[in-house]
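Participant: build me a model:
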Amino acid sequence: MTKFGELIGVETPILINFYKAEKSSDNLLNILKEVSSKIGQRAKIIKIDISKNELLADALKIKGGSTFVIYKDGEMKWRLTGDTNAETLVQSLEQFM
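Facilitator: Next up is the predicted model:
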């Protein structure tokens, strides 16, 4: 958890996609690539496999499927579970830049 605290404890907004590898899709990867190309260096995008990080997923009450969370300055600012699109993610990130 200490490493996670260091990861999210920065001023730059961080979009984290919590996912299960067996449920991950090419479409999701394409969405994250599109978000990355639109926001550039203004935010970070990180993927975390909840199957490999069960303690963290439990602590954050992430059950399954794809969950997107935006952190800034160590605080959760936004969260969405389920399908979404690149535009929604970009707009949500821009609120915290």
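Participant: just the helices in this protein please.
Facilitator: 2-8, 26-39, 54-59, 86-94 (DSSP state H).
Participant: could you export the shortest one as CSV, CA atoms only?
Facilitator: Below are the C-alpha coordinates for helix 54-59, written out as CSV (Å, rounded to 0.1, in the frame of the first residue of the first chain):
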residue,chain,number,x,y,z
GLU,A,54,-6.2,-8.3,-4.5
LEU,A,55,-5.4,-6.5,-1.2
LEU,A,56,-5.5,-3.1,-2.9
ALA,A,57,-8.7,-4.0,-4.8
ASP,A,58,-10.3,-5.1,-1.5
ALA,A,59,-9.2,-1.9,0.2
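Participant: so for that helix, mean pLDDT?
Facilitator: Regarding helix 54-59, the rounded mean pLDDT is 92.
Participant: what about the helix or strand bottoming out on mean pLDDT in the chain, distance to the chain center?
Facilitator: Every helix and strand in the chain was compared by mean pLDDT, DSSP states H and E; the lowest is helix 2-8, with a mean of 84. Distance, stretch centre to chain centre, for helix 2-8: 14 Å (CA atoms, centre = their mean, to the nearest Å).
Participant: now swap in stretch 21-34 and tell me
Facilitator: On CA atoms, centre = their mean, the centre of stretch 21-34 falls 12 Å from that of its chain.
Participant: show me what counts as buried in that stretch.
Facilitator: Leu28, Ile31, Leu32 (16 or more other CB atoms under 10 Å). C-beta coordinates here come from the backbone N, C-alpha and C atoms, glycine included.
Participant: so the second one touches Thr88, yeah?
Facilitator: Looking back up the chat, that one is Ile31. No. Counting by CB atoms under 8 Å, Ile31 does not reach Thr88; the two are 9.3 Å apart.
Participant: quick one: common contacting residues for the two?
Facilitator: The contact sets of Ile31 and Thr88 do not overlap (CB atoms under 8 Å, 6 or more residues apart in numbering).
Participant: neighbours of Met97, how many?
Facilitator: 10 (other CB atoms under 10 Å).
Participant: name the nearest residue to it, sequence neighbours excluded.
Facilitator: Arg42 (5.1 Å; CB to CB, 6 or more residues apart in numbering).
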